[in-house]
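Trainee: return a 3D structure for these sequence lines:
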Amino acid sequence: QVQLVESGGGLVQAGGSLRLSCAASGRTFSSVAMGWFRQAPGKEREFVAAIIRSSGNTYYADSVKGRYTISRDNAKNTVYLQMNSLKPEDTAVYYCAAARRTFNSASMATNYDYWGQGTQVTVSS
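Mentor: Next comes the predicted model:
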């Protein structure tokens, strides 16, 4: 069984920074890609960022481009999301996700097979 455990969420003022971590564990786990999604109250889950394990290529939603950075440590099976210049509209539950197979679109939630439980990020104005 594969488990994804997020950490690093919390309350921060607008303009501040947070760093989320997602540790993956499980027997013979090897993801093709890992991503971050978020869901604000009353809204649908949306893509935030993704990173491809083999190439290191990264993808970002337009709303976070230039402010967020996704990175990974393959040896530790951990992916990070550095969030800078946070805005109140970034407030959401952030979910880590992992994909077992290659895909054409990193932003589609249906391409990911495993999900974490989520971590709350709250940005106050």
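Trainee: isn't Ala92 right next to Gly42, touching?
Mentor: No - using Cβ atoms under 8 Å as the test, Ala92 is too far from Gly42 to be in contact (10.8 Å). Every C-beta, even on glycine, is put in place using the N, C-alpha and C of the backbone.
Trainee: the more surrounded of those two?
Mentor: Per other Cβ atoms under 10 Å, whichever of Ala92 and Gly42 has more neighbours is Ala92, with 22 against 5.
Trainee: ok, back up a step: shared neighbours, Ala92 and Gly42?
Mentor: When Cβ atoms under 8 Å, 6 or more residues apart in numbering defines a contact, no residue borders Ala92 and Gly42 alike.
Trainee: what ranges do the strands span in this protein?
Mentor: Assigned by DSSP state E, the chain shows strands spanning 3-7, 10-13, 18-25, 33-39, 46-52, 58-60, 68-73, 78-83, 92-99, 114-115, 119-124.
Trainee: what bridges to the spatially most central residue of the chain?
Mentor: Among the residues of the chain, Trp36 comes closest to the average C-alpha position under Cα atoms, centre = their mean, at 2.0 Å. Legend: beta-bridge partners of Trp36 under DSSP bridges are Ala49, Cys96.
Trainee: ok, it to Thr110 distance?
Mentor: 16 Å (Cβ to Cβ, to the nearest Å).
Trainee: what's the local residue count around the closest residue to Tyr94 other than its chain neighbours?
Mentor: Of all residues not flanking Tyr94 in the chain, Arg38 sits nearest, at 4.8 Å (Cβ to Cβ, 6 or more residues apart in numbering). Arg38: 23 surrounding residues under other Cβ under 10 Å.
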